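> Structure, please.
(chains A, B and C)
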Amino acid sequence: MSRATTTPSDRDDCDARVPLPPAFFARPVLEVAPDLLGCVFLFGGAGGRLVEVEAYRSDDPASHSYRGPTARNAVMFGPPGHLYVYFTMGRHFCCNIVCQPQGQGAAVLLRALEPDAGLALMTVRRGTADPRQLCSGPARLTQALAIAREQDGLALGSGGLAILSRPGLTARDVEEPAAWSRGAPLIATTPRIGISRAQEKPWRFVDVGSPFLSRRLPAASRSR
DNA sequence: GACTTGATCCCG
DNA sequence: GGGATCAAGTCC
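Below you'll find the predicted structure:
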């Protein structure tokens, strides 16, 4: 994250992270979601390592896309690799990455990340210096990174928005689908948070070892 | 448990 | 068209 310079010899840097290609997000959302854990999410110079996400798709009663396209969820039905940002509960924004081929209405909700880049900025925006309170929760995360209505529909790789691979991949490695699951942290699946329908689906994915989750793991969670 | 806004629902 | 409903959350 914090390399000051880049030289040809950095090819062997084992901490190297490179942008995920569009094809990464065109896959089934239940595959994309766990593969995002350990990747780095950045917007405007702030962000860090993703540790908690949830999957949503259009055959899923808990998803905004369940009843088809509307003005609010239009981006979910657009091309993969774009942000779907929605306003909720009268005061908060939540941020998703659109997945699967265009028109399918699937997305991954970003629920927590481990703060790394732009700590000073995030501290001011959140009004706390406690790293555990910066990005541990979907609306906390958007507040810390200053993601709001204006970012709805923003494409990865533009406007200061990026998702970088897990460490150790070259730009060439990351084009190969076999590399997308490499270097995964220990992952648990649990029911999703805060929904009233389809509560049985274990479509929340968390990095078991992270102290930056929005909630503690339930005892019944299962690791893979 | 309160808060606070707006998209969506459903009746008329 | 218009009022009722309630939400992928956070904080006190």
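
> how about the closest residue to DNA strand C within chain A, phi and psi?
When scored by C-beta to the nearest atom of the strand, chain A has A:Gly194 as its residue closest to DNA strand C, at 1.8 Å. Where you see a C-beta, it was placed from the backbone N, CA and C, and this is true even at glycine. Here is the backbone geometry of A:Gly194 (degrees, to the nearest 10): phi 80, psi 10.

> can you count the residues close to it?
Neighbourhood size, A:Gly194 [other C-beta atoms under 10 Å]: 14.

> can you check the one 4 residues further on too?
Residues within reach of A:Ala198, counting by other C-beta under 10 Å, total 16.

> Now for it: which residues touch it?
A:Ala198 makes contact with A:60-62, A:192, according to C-beta atoms under 8 Å, 6 or more residues apart in numbering.

> Quick check: which element contains it?
Using DSSP states H and E, A:Ala198 maps to neither a helix nor a strand.

> tell me which element the closest residue to it other than its chain neighbours is part of?
Excluding the flanking residues, the one nearest A:Ala198 by C-beta to C-beta, 6 or more residues apart in numbering is A:Ala62, at 4.1 Å. For A:Ala62, there is no host helix or strand (DSSP H and E).

> Show the pLDDT at A:Ala62.
On pLDDT, A:Ala62 comes in at 97.

> what about A:Pro34, distance to A:Asp207?
Distance, A:Pro34 to A:Asp207, by C-beta to C-beta, to the nearest Å: 10 Å.
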